[in-house]
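> got a structure for you, letters missing:
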């Protein structure tokens, strides 16, 4: 940070965008700055958005939940609003991001905009149909979080600003389960998975299976989802869940690295997808999807 030419402070989203576009040189938005402090800055100046009115979590009159991009992750953990949304799974995932000092500083917008395949918050937000609000100097666009990522550390933003997220009201009652497989509690995820479902008239009306750390960008397993949508709960067997899990594993494209092999990651996607589908179905009152898993009951964490 000591090599920055300038530190600018914006008082509105529009001013932040104007400051970034003004140059000279390369600029970056900053809120918590936890990643920017890890090494020499790759920019000439930063635009601080903490005073731009982008913090906080609130529920609208329609029941949607709005999360400002500059909201610290620990505020997500503590939020009474999020604790009541989809079983509080967003709070749980936020509580697994680093340690308490990091969560107190790091923001949900920063976790998303870094566009890492292992971004902790993204799979659960994808599984809950999160919508992104993107602002320019004179305009605002809303897009699905599924469309936000173009590649590792690449998003649709260009020089625009992620102002916040919305979780739709009709998702609030969905049953959602997540798992983060890591070597240690504070390490980067080897595999992340989030599964959510909605049941109407005894059938699966909506199914979401989202993955992280197993492709160039966080992803949805749409082929696997399609195998379950529309089925009556009574039609779902252990064999079908196994087939869906294999399809999900086939959709991901992990790499070999020093943390784990691609083969291991693919197999863990299969295992964890099966586990979480069964947990979600159990949350909808179905008890026939049981299997022998020595780690059943684990809420996620170190391997």
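Structure received. Treat the numbers as computed from the prediction; the structure is a model and nothing was measured.
> For residue 270, see how far away residue 148 is.
Note on residue 148: its distance to residue 270, by C-beta to C-beta, to the nearest Å, is 26 Å. For the C-beta atoms, the positions are set from N, CA and C on the backbone; glycine is no exception.
> Who has more neighbours out of these two?
Summary of the neighbour comparison: residue 148 and residue 270, criterion other C-beta atoms under 10 Å, with residue 148 having more neighbours (23 against 18).
> My guess is the more buried one contacts residue 132. True?
Yes - counting by C-beta atoms under 8 Å, residue 132 is a contact partner of residue 148 at 5.5 Å.
> what is in contact with those two at once?
With contacts defined as C-beta atoms under 8 Å, 6 or more residues apart in numbering, the residues adjacent to both residue 148 and residue 132 are residue 112.
> give the contact list for the residue positioned nearest the centre of the chain.
When the chain is reduced to its mean C-alpha position, the closest residue under C-alpha atoms, centre = their mean turns out to be residue 122, at 1.3 Å. Applying C-beta under 8 Å, 6+ apart, one finds that residue 122 lies in contact with 111, 112, 145, 210, 212, 218.
> Doesn't residue 224 lie inside a helix?
Yes - counting by DSSP: H, G, I helix; E, B strand; the rest coil, one finds residue 224 located in a helix.
> Apart from its neighbours in sequence, what residue is nearest it?
residue 248 (3.9 Å; C-beta to C-beta, 6 or more residues apart in numbering).
> if I pick the one you found, what's in contact with it?
Neighbour list for residue 248: 209, 211, 221, 223, 224, 269, 270, 273 [criterion: C-beta under 8 Å, 6+ apart].
> again, only using 6 Å
209, 221, 224, 269, 273 (C-beta atoms under 6 Å, 6 or more residues apart in numbering).
> which one of these sits closest to residue 77?
Distances from these to residue 77 were compared by C-beta to C-beta; the smallest belongs to residue 209, at 24.3 Å.
> Backbone dihedrals for the closest residue to that closest one other than its chain neighbours, both of them.
Excluding the flanking residues, the one nearest residue 209 by C-beta to C-beta, 6+ apart is residue 221, at 4.1 Å. Residue 221 has phi and psi values of phi -100, psi 80 when expressed as degrees, to the nearest 10.
> doesn't residue 251 make contact with residue 221?
Yes - with contact defined as C-beta atoms under 6 Å, residue 221 counts as touching residue 251 (4.8 Å).
> okay, the two: which has more neighbours?
Looking at residue 221 and residue 251 with other C-beta under 10 Å, you find the greater number of neighbours at residue 221, namely 26 against 19.
> now the more buried one: how far from residue 133?
In this structure, residue 221 and residue 133 are 26 Å apart, going by C-beta to C-beta.
> list the contacts for residue 34?
So residue 34 contacts 102, 105, 106 (C-beta under 6 Å, 6+ apart).
> Just put these in TSV and tack on pLDDT.
Written out in TSV, the entries for the contacts of residue 34 read as follows (pLDDT from 0 to 100):
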residue	pLDDT
102	92
105	95
106	95
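> Need the nearest residue in space to residue 255, chain neighbours excluded.
Counting by C-beta to C-beta, 6+ apart, residue 255 lies nearest to residue 262, which is 5.7 Å off, once chain neighbours are set aside.
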